[in-house]
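Asks: Fold the following, please.
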Amino acid sequence: MRVRNDPPVHLTYCLNVHPGETWAENLEAIRTHALAVKARVCPDEPFGLGLRLSDAASRELVEGDALTEFRNFLETNGLYAFTINGFPFGRFHGEEVKEKVYQPGWSTPERRDYTIRLADILSALLPEGVSGSISTSPLAYRTAVDNEEMLHEMANNLLDAAAHCHRLRERTGREVCIGIEPEPDCFLERTDEIVAFLDMLTRFRGPAYLQEALGLNEEEARASVQRHVGVCYDTAHAAMAFEDPAACLSRLASRGLHVCKVQLSAAIECDATEAARLRLKGFQDAVYLHQVRMRGKGRPKRWADLPDALADSKDIDEAETWRTHFHVPLFWPGDDVLRSTREQLTGEVGELLRGGLCEHLEIETYTMNVLPPDLRPRDIAEAIAREFDWVRRNVLRR
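Replies: A predicted model of the protein is given here:
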């Protein structure tokens, strides 16, 4: 939904919360759930979708008349598509995902070609005058990058995708940006890391690459890289790095880097108490990674997954603070033991978003189906509508 006209700001939720790996399953989720959310959130206005398409679903959507039929479906139902979650390449629900969610990485042609296909799909669906964004993985899981050549391959594949987005814009007038999403334990985790990588891409490697690929001059090539490769800033991931999200967003913008999507999400925070340790046991699941970070008076600690942290936390020191990468609903305030990092979305972050720093805002609580039973919603559409309500009241103040 459009929440601001000048500059434009669109708000949606990510459809990765709904299980579905085929295009037929994705379309059914839109019919069953997204339309129910629309009826609660903006029944009389166009409602924007945050699509999630696996590699398999994206291949199915470009076959035959499927894309044309979907475009007609959107128009008939008062929907429009402006962003795609292109992070999970394969299955994302119902079985162990864990670190497989980062595969294939950007050093592979499979990741490049999948993202290019998503750009083609999005370009065909975008309404006139609305830009598009595709969030993508933070290049690779950190342990998967073991040599300099992989870094060159990742950069080149991203630039191939950027060149394709440039050609799309030239041919259709529709603009698509690929937003790299930093995440705990990945090759790009913190803001300073993505700033350094994108500086390298936009100032040095990218212009020469696109000059040769597209026949542009240096200034045009640099502008094209900045337009088509940017950042998807996930606020729960920023919380895991103990970063100040307002300062980080301002820094990205001041460097001329394109923040093409902000994913509105919250992680779990708690004091390192035995009660918190017992409560966190209920957030373990066999599907997703839930990285844990600890900060306080001692040396910072980090664990790759919540079970590792719980098994290793023999000496509890209540002066320490734990944060767990588990996206909790934005309407959940926490309880007497656990807290949410959602308050980081208000204040300065809210001011920046209301001011139009980023055109695309996406609620991204994909964990509804693996929440502990006492928090798991019975009505998924109602829960998502409550998240919209919280964002509009506390972040956008509308």
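
Asks: Okay, the nearest residue to A238 once chain neighbours are set aside and L357: tell me how far apart.
Replies: Sequence neighbours aside, P245 is the residue nearest to A238 in space, at 4.7 Å (criterion: C-beta to C-beta, 6 or more residues apart in numbering). C-beta coordinates here come from the backbone N, C-alpha and C atoms, glycine included. As judged by C-beta to C-beta, to the nearest Å, P245 and L357 stand 11 Å apart.

Asks: neighbour-wise, which of those two wins?
Replies: Ranked by neighbour count (other C-beta atoms under 10 Å), P245 and L357 place P245 first, with 24 against 19.

Asks: dump the residue contacts of that one.
Replies: Y233, T235, A238, A239, Q344, L345, V349 (C-beta atoms under 8 Å, 6 or more residues apart in numbering).

Asks: Let's see that with 10 Å instead.
Replies: If a contact means C-beta atoms under 10 Å, 6 or more residues apart in numbering, then P245 has 191, 233-239, 262, 341, 344-345, 347-349, 352 as its contacts.

Asks: And E351, by the same measure?
Replies: Contact analysis of E351 by C-beta under 10 Å, 6+ apart lists A246, L357, V395, R397.

Asks: In the residues you listed, which has the lowest confidence score?
Replies: Across the contacts of E351, the smallest pLDDT goes to R397, namely 89.

Asks: quick one: secondary structure of L35?
Replies: Here L35 is helix, with the state taken from DSSP: H, G, I helix; E, B strand; the rest coil.

Asks: Same check on E362?
Replies: Going by three-state DSSP: E362 is strand.

Asks: How about it: which residues does it bridge to?
Replies: Under the criterion DSSP bridges, E362 forms beta bridges with T12, Q263.

Asks: I'd like to know how many residues surround it.
Replies: When neighbours are counted by other C-beta under 10 Å, E362 registers 26.

Asks: Tell me the pLDDT of it.
Replies: pLDDT for E362: 98.

Asks: re earlier: so for the contacts of P245, which is the shakiest by pLDDT?
Replies: Looking at the contacts of P245 by pLDDT, the weakest one is G347, with 92.

Asks: excluding its backbone neighbours, what's nearest that residue?
Replies: Closest to G347 by C-beta to C-beta, 6+ apart is A246, at 7.1 Å.

Asks: For that neighbour, list the residues it contacts.
Replies: Applying C-beta under 10 Å, 6+ apart, we find A246 in contact with A238, Q344, L345, G347, E348, V349, G350, E351, L352, L353, L357.

Asks: now stretch 104-123: mean pLDDT?
Replies: What stretch 104-123 shows for mean pLDDT is 98.

Asks: now do stretch 13-29
Replies: Mean pLDDT, stretch 13-29: 98.

Asks: so how far is that stretch off the chain centroid?
Replies: Distance, stretch centre to chain centre, for stretch 13-29: 16 Å (C-alpha atoms, centre = their mean, to the nearest Å).

Asks: What of stretch 23-39?
Replies: Here stretch 23-39 is found 20 Å from its chain centre; the criterion is C-alpha atoms, centre = their mean.

Asks: and the end-to-end length of that stretch?
Replies: Start and end residues of stretch 23-39 are separated by 23 Å (C-alpha to C-alpha, to the nearest Å).

Asks: rewinding a little: just the element for the residue nearest to G347, please.
Replies: In this assignment (DSSP states H and E), A246 forms part of helix 245-254.

Asks: Buried residues, that helix. List them.
Replies: Buried residues in helix 245-254, defined by neighbour count with 16 or more other C-beta atoms under 10 Å: P245, A246, C248, L249, L252.

Asks: got it, and stretch 160-171?
Replies: For stretch 160-171, a neighbour-count test (16+ other C-beta under 10 Å) marks D160, A161, A162, A163, H164, C165, H166, L168, R169 as buried.

Asks: Among those residues, which one sits closest to I268?
Replies: Closest approach to I268 among the buried residues of stretch 160-171 (C-beta to C-beta): A161, at 33.9 Å.

Asks: Isn't the closest one up against G179?
Replies: No: A161 is beyond contact range of G179, at 11.7 Å (criterion: C-beta atoms under 10 Å).

Asks: what residues do these two have in common as contacts?
Replies: Contact criterion C-beta under 10 Å, 6+ apart; residues bridging A161 and G179 by contacting each: I134, T136, V229.

Asks: who wins for most neighbours among these?
Replies: Per-residue neighbour counts (other C-beta under 10 Å) across the shared contacts of A161 and G179 peak at I134, which has 28 neighbours.
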